[in-house]
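Visitor: sequence first, then the predicted structure:
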Amino acid sequence: MNNPLLAEQPLPPFDAIQTDHIVPAVKQLLIEARSALETQLSALEEITWATLVAPIEERGDRLNKAWSPVGHLNSVKNSEELRVAYEESRQLLTEYFTELGQNEALFSAYTELRQSDSFDTLSQAQKKTIENALRDFRLSGIALPKAEQQRYGDIQSRLSTLTSQFSNNVLDATHGWHKHIVDENELTGLPEFAVAGAKEAALKKSLDGWVLTLDTTVYFTVITQSKNAALRKEMYTAYSSRASDQGPCAGEWDNSETMDEILQLRQELATLLGFNNYAEYSIETKMAGTTEQVTQFLRDLAIKSKPYAEQDLKELKAFANAEYGVTELNAWDLPYYSEKLKLARYSISQEELRPYFPAETVIAGLFNVANQLFDITFEEKTASVETWHDTVKYYQISQNGTPIAGFYFDLFAREHKRGGAWMDECRVRRQTDSGLQLPVAYLVCNFNAPLDGKPSLLTHNEVTTIFHEFGHGIHHMLTKIDVAAVSGINGVAWDAVELPSQFMENFCWEKEVLSFLSEHFETGESLPDAMLNNMLAAKNFQAGMFMQRQLEFSLFDFLLHIHCGDANFTGVQSLLDKVREEISVFSPPPNNRFQHSFSHIFAGGYAAGYYSYKWAEVLSADAYSAFEEAGIFDKATGQRYLEEILQMGGSLDAMDLFKNFRGREPQVDALLKHSGLVA
């Protein structure tokens, strides 16, 4: 059969890809790659970039172009058949890349190239690619005895299965529960759009009344807006116990054993490679130098911000008591009364802001910001572009009239789509025999879709989410590096990869930007000055509590991967409880199982790396302060940021890139100032 995954095309042929194409395509590409590598190494005489690395990059890119749309579809159009094909193929790929990492002839060739005189003639990107490859050989167990190499491969294969299983359990648990409501009085307090969405969700399930799901946008609307405390509690319990041994679906998609096995295998993997724990293994590819440096960084931030968090909670309790007679705040009460306090204090709420942020206006404003910063333009393309859903759009980015990149925008929540927001690579910029391959990205969110003739209306929090993911996107798409391994987001230290995303969020709080980022969907009016000023005044509302919550997640993740192999380790829940005692100012109920859906660390790339959000936030806040000093749309500063950070990809160490832009090492002061956590 003609397999669309094997065809060389500028963009993925989504209309043609079928589940039964996946495994045959992966198998064929791996057979060809293994054969080509064997032939290449046996014929290798003079070892140069052209004879060694370039052919390997070419094969890797062909494989990536076939696999990228498959992995993407598994996240945005999930099905049981696709899961099976995806998992079988992922196992094949894991085995292949483990083989590559333990190929002694290949390692010797890279070592020889690194030690040769020709190494000094290579570009910086080529040098960094070779140095990274030698590091990765070591982290793949190249120096291990054969039996231990085999065990390394078995561990990686099993981890591949387990992390997919974890992710699938979270997805199934999220979509496996809903609240069916027949009495509209139970929906009191919910905004009109949420009630309409619940009505449509009921119709899709052939039910009367209304259906509330655990999709993120639905859940957070209920938990912050519903006057029905019993409904808030029910939704909170279902959401916070997903994929666990607790809650309404207890045991049905339980990740408990999956988590334990993942942690055991990660510890064994780290020990095999000579590390004391997985956290030490993790930071080998990051900016941070030692595990102590990371834990000290997190604890120092916690010490600085905890008094603010305690004050936030004290004020919230006093408000709930004085205004509503509530003497005890439960976990499902905090978001609700926080919204009420914000409204009382600043006359502003996320729901009041929605009408002023139609998705199309926000996207146009986002493109305007990028144009002013980086002199790039955007054009929607439909010809010769296939997508996986009729709401997905594709945009081409141009500079001085020349196309330089493209991206897919998938903004709306729907069934069979993973929750959250993310950016991923579709194509990587690289120089090929036939010319320059332009970078392409997937940008994915989960907002409320247009409904009943009304556009998708975003909260300001969702506006910052779009800017965040777009920041990742332009990091990948505006690169000038032509070597795949360090082009765009590739090769960037994980604790620096959030710098461009968090940097972009800052523009959502600028008056100048908000003047064209907002437009009432009915009147066309920009955000009124009174609302704008109140929103800006509320920017750091409960910033202390937010900071402590993020530090709780970060420290839990990092300590978990330090201590899970200790003889006295008493389990995941026990460690989380201890971290909460140290960091948090409010403890959730005993049936909270946050960790069972913590996909970032159990199914994503953030294992012993969730701290990178805060680490990179220091970088991004400091970088943005350069724009505050010069003017947020200062051309010279924007050009310097583009050239020193975005265009360089992973071709230089992240700290060197930052110092090249800022003229010094990063300082934490800007983050504390931006967060309102200074006296």
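Guide: Great, that's in hand.
Visitor: measure stretch 94-114 end to end?
Guide: One end of stretch 94-114 sits 26 Å from the other (C-alpha to C-alpha, to the nearest Å).
Visitor: helices of the stretch 351-500 of the chain, start to end?
Guide: In the stretch 351-500 of the chain, helices defined by DSSP state H, counting those that start in this stretch lie at 359-374, 460-477, 499-505, listed in chain order.
Visitor: and for the stretch 151-300 of the chain?
Guide: Using DSSP H, counting those that start in this stretch, helices in the stretch 151-300 of the chain cover 192-204, 216-225, 229-240, 256-272, 278-282, 291-324.
Visitor: check contacts around the residue nearest the centre of the chain.
Guide: By C-alpha atoms, centre = their mean, the chain has its centre lying nearest to Trp422, at 4.5 Å. Shown in contact with Trp422 (C-beta atoms under 8 Å, 6 or more residues apart in numbering): Ser75, Tyr442, Val444, Glu469, His472. C-beta: built from backbone N, CA, C; applies to glycine.
Visitor: which residues does the third one contact?
Guide: It stands for Val444. Val444 neighbours (C-beta under 8 Å, 6+ apart): Ser75, Val76, Asp410, Leu411, Ala421, Trp422, Met423, Asp424, Glu469.
Visitor: could you do the first one as well?
Guide: Contact partners of Ser75, counting by C-beta under 8 Å, 6+ apart, are Lys417, Arg418, Trp422, Val444.
Visitor: of those, closest to Leu672?
Guide: For the contacts of Ser75, the closest approach to Leu672 (C-beta to C-beta) belongs to Trp422, at 27.9 Å.
Visitor: so what's that closest one bridging to?
Guide: The partner list for Trp422 in beta bridges (DSSP bridges) reads Val444.
Visitor: can you pull the pLDDT of it?
Guide: pLDDT for Trp422: 97.
Visitor: with Pro500 as the reference, measure out to it.
Guide: Computed as C-beta to C-beta, to the nearest Å, the Trp422 to Pro500 distance reads 14 Å.
Visitor: tell me, what's the model's pLDDT at the nearest residue to Asn446 once chain neighbours are set aside?
Guide: The shortest distance from Asn446 to any non-neighbouring residue, by C-beta to C-beta, 6 or more residues apart in numbering, is to Ala413 (4.0 Å). Note on Ala413: pLDDT of 94.
Visitor: same check, this time on Ala679
Guide: 73.
Visitor: so how far is Thr121 from it?
Guide: In terms of C-beta to C-beta, Ala679 sits 55 Å off from Thr121.
Visitor: try Ser398
Guide: Counting by C-beta to C-beta, the gap from Ser398 to Thr121 is 34 Å.
Visitor: the two - which one has more neighbours?
Guide: Legend: neighbour count by other C-beta atoms under 10 Å for Ser398 and Thr121, higher for Ser398 (14 against 11).
Visitor: tally of neighbours for Glu257?
Guide: 11.
Visitor: same question but for Val182, I mixed them up
Guide: Val182 is flanked by 10 other residues according to other C-beta under 10 Å.
Visitor: over to Val362?
Guide: Using other C-beta under 10 Å, Val362 has 25 neighbouring residues.
Visitor: same question for Phe378.
Guide: 18.
Visitor: can you pull the contacts of it?
Guide: Phe367, Ala370, Asn371, Tyr395, Gln396, Ile397, Ser398.
Visitor: contact partners for the nearest residue to the last one once chain neighbours are set aside?
Guide: Spatial nearest neighbour of Ser398, chain neighbours left out: Thr377 (5.1 Å); criterion: C-beta to C-beta, 6+ apart. Contact partners of Thr377, counting by C-beta under 8 Å, 6+ apart, are Phe367, Asn371, Ile397, Ser398, Gln399.
Visitor: look up how far Cys508 lies from Thr377.
Guide: Distance, Thr377 to Cys508, using C-beta to C-beta: 21 Å.
Visitor: and what of Ile489?
Guide: Going from Ile489 to Cys508 by C-beta to C-beta gives 22 Å.
Visitor: ok, now Glu581?
Guide: Using C-beta to C-beta, Glu581 is found at 34 Å from Cys508.
Visitor: of those two, which one has the most company?
Guide: The residue with more neighbours, out of Glu581 and Cys508, is Cys508; 23 against 9, by other C-beta under 10 Å.
Visitor: wait, the residue nearest to Asn446 touches Glu462, no?
Guide: No - contact criterion C-beta atoms under 8 Å: Ala413 and Glu462 do not qualify, at 11.1 Å.
Visitor: give me the common contacts of these two.
Guide: Common neighbours of Ala413 and Glu462, using C-beta under 8 Å, 6+ apart, are Thr217, Phe447.
Visitor: these two: who's more crowded?
Guide: Neighbours per residue (other C-beta under 10 Å) separate Ala413 from Glu462, with Glu462 holding more: 26 against 17.
Visitor: in terms of contact, does that one touch Asn446 like I think?
Guide: No - with contacts counted by C-beta under 8 Å, Glu462 stays clear of Asn446, the gap being 9.3 Å.
Visitor: name the residues contacting each of those two.
Guide: Listed contacts common to Glu462 and Asn446 are Thr217; contacts here mean C-beta under 8 Å, 6+ apart.
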